[in-house]
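Engineer: pasting a predicted model and its sequence here:
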Amino acid sequence: MKTNRTIEFKKILSLFFIFAMLICFTVPLGGCSSKNNEEEYEEDEEQETKKKKNKKDKDEEEKEAKHGESDDMLLEYAQNLEYISGMVGYFDSHIYTDQYGYPSYEKDYSEVPFGNIDCFIDDYDRDGDEELLIADISNDKGLTLSMYECKGGNVELSDTFENYALGNDSVRIDVISYDYDDKIIIGVVCRDSVYIMADGVDKEYKGITYDGNRFSELGNAWFVGSDPSEEDEAFMNEMHKCGVYVDWDDCWDRNFTDVIMEATRGSKLLSIEDIINDYVYSYDDGPYTTYTRIAGYVRCTGFSDYYFTKHDGPDPAYDYVIPDSSIKELTDSDLALLNNDQLRIARNEIAAKHGRRFKDEELQTYFDSKGWYKGTIEPDDFDAAKELTKTERNNMDFIMKHEK
């Protein structure tokens, strides 16, 4: 009996020993902690970290390569378009009396070039992929912004935003961009808008964003009137919606676009000038101003870095010897830097604006080279007393006195 118990005890002891050995090799306890197991764990963790980093690097490389392909596709698409940036077109106007008896006019844009102004590539919706923004201008729609994206290996139009149709007034339009609230804001500035048949001015600002599908308008600040001396609260509130915080007086005392760009640290994308710089009027035929001529120019300028969007064109401000000789009384300072040949051209330029042709071949050749010139009246048929205003006739006499 004793022998059987001894055997059983030895079996139990052996099993206990085996069990204890297994515990020591598999689960470190206290001082029996396995250094090798810790090192193996650290090595595994380091390898896993390297794998994750390599995968991340590979993903980023693939993403950059994809972006590069998209950028190339957008740029190639843009290069295949034609642009009018830098080109200048001149217009006359059809003058008439409306149904209510008021004088009115309609610009003739038949000689003005219209089309794409410029293009810009940026991540406008902040999704990591860049988009192509194209700005164009047309007679019927005015300024249009179009956003394109790469989808399925193709460049596709995503959305358009129509803005500021051309009209009867002189106006300058600027398009800018800046960052606000983690978005790229596209700002459209309407400045220096003047009603030549009234005494009002117009100033407008729109801030728009693109969310990957469509354009959205953040705010539309608009003021029209004759007296901007008092701050317009509604106007300023709309400016604030667009992330523009400026002083009311600065908006009127300085270049409106410059004020906004300084406040937002923005950059200018393009500008459009639709300017009446030559008009003749009188008060002789009734209570309203009577115009016999309204003319000017349209010029669009893009400021992207893409060489293929640029065209060289004459600057309308310098296409006349004296641009404002029809609308103001000239002084000695206006003529001080002109030589005798320039004075002669400046004097005849006043009549040339009204379509007078010239017997002098040299003068006729000179004015034929100007985009604004429309020679329709023969010299013997030109009646200066009828065609020219008193200001213009006085200026011609004044210039002649300075000719040597």
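Structural biologist: Thanks, I have it. Numbers count the residues shown, from 1 in each chain.

Engineer: this protein: helices as residue ranges?
Structural biologist: 2-26, 35-79, 233-241, 248-253, 256-264, 332-335, 340-352, 361-368, 384-387, 390-402 (DSSP state H).

Engineer: buried sites along the fifth one?
Structural biologist: Neighbour-count burial for helix 256-264, with 16 or more other CB atoms under 10 Å as criterion, is recorded at 256, 257, 259, 260, 261, 263, 264. Where you see a C-beta, it was placed from the backbone N, CA and C, and this is true even at glycine.

Engineer: list the helices and strands that helix packs on?
Structural biologist: Here helix 256-264 touches strand 170-180, strand 183-194, strand 201-210, strand 267-282, going by 3 or more CB pairs under 8 Å, 6 or more residues apart in numbering; DSSP states H and E.

Engineer: now with 6 Å?
Structural biologist: For helix 256-264, the elements it packs on are strand 170-180, strand 183-194, judged by 3 or more CB pairs under 6 Å, 6 or more residues apart in numbering; DSSP states H and E.

Engineer: one more: the last one?
Structural biologist: For helix 390-402, the helices and strands in contact under the criterion 3+ CB pairs under 6 Å, 6+ apart are helix 340-352.

Engineer: who's in contact with the helix it packs on?
Structural biologist: 321-322, 325, 363, 367, 373, 392, 396, 399-400, 402-404 (CB atoms under 6 Å, 6 or more residues apart in numbering).

Engineer: let's go with 8 Å and repeat that
Structural biologist: By CB atoms under 8 Å, 6 or more residues apart in numbering, the surrounding residues in contact with helix 340-352 are 320-322, 325-326, 335, 338, 356, 358, 363, 366-367, 370, 373, 375, 382, 384, 387-388, 392, 395-396, 399-400, 402-404.

Engineer: okay, now the unreliable bits of the stretch 251-400 of the chain?
Structural biologist: 280-290 (pLDDT under 70).

Engineer: pretty sure residue 122 sits against residue 147.
Structural biologist: No - shown here, residue 122 and residue 147 do not form a contact pair, counting by CB atoms under 8 Å, at 10.4 Å.

Engineer: what is in contact with those two at once?
Structural biologist: Contacts common to residue 122 and residue 147, judged by CB under 8 Å, 6+ apart, are 131, 133.

Engineer: the more surrounded of these two?
Structural biologist: Remark: of residue 122 and residue 147, residue 147 carries more neighbours, 21 against 14, as counted by other CB atoms under 10 Å.

Engineer: residue contacts, the more buried one?
Structural biologist: 124, 131, 132, 133, 157, 158, 159, 160, 210, 215 are the contacts of residue 147 under CB under 8 Å, 6+ apart.

Engineer: now the first one: how far from residue 136?
Structural biologist: To tie it back to what came earlier, the one meant is residue 124. 17 Å (CB to CB, to the nearest Å).

Engineer: what about those two, which has more around it?
Structural biologist: Neighbours per residue (other CB under 10 Å) separate residue 124 from residue 136, with residue 124 holding more: 25 against 21.

Engineer: and that one, how far from residue 386?
Structural biologist: 56 Å.

Engineer: bridged to the most centrally placed residue in the chain, which residues?
Structural biologist: Of all residues in the chain, the one closest to the mean position by CA atoms, centre = their mean is residue 175, 2.6 Å from it. Residue 175 forms beta bridges with residue 188, residue 270, as assigned by DSSP bridges.

Engineer: what residues are up against it?
Structural biologist: 135, 143, 145, 186, 187, 188, 189, 268, 269, 270, 271.

Engineer: for it, give its distance to residue 123.
Structural biologist: Taking CB to CB, one finds residue 175 at 18 Å from residue 123.

Engineer: could you tell me the least trusted of the helices and strands packed on helix 256-264?
Structural biologist: Here the lowest mean pLDDT among these goes to strand 183-194, at a mean of 86.

Engineer: tilt between that one and helix 256-264?
Structural biologist: Angle, strand 183-194 to helix 256-264, by axes from the mean of the first three to the mean of the last three CA atoms, to 10 degrees: 150 degrees.

Engineer: what angle do strand 183-194 and strand 267-282 make?
Structural biologist: Going by the same axes, to 10 degrees, strand 183-194 makes 10 degrees with strand 267-282.

Engineer: hey, what's residue 202 bridged with?
Structural biologist: Going by DSSP bridges, residue 202 forms beta bridges with residue 193, residue 224.

Engineer: cool, thanks, talk later.
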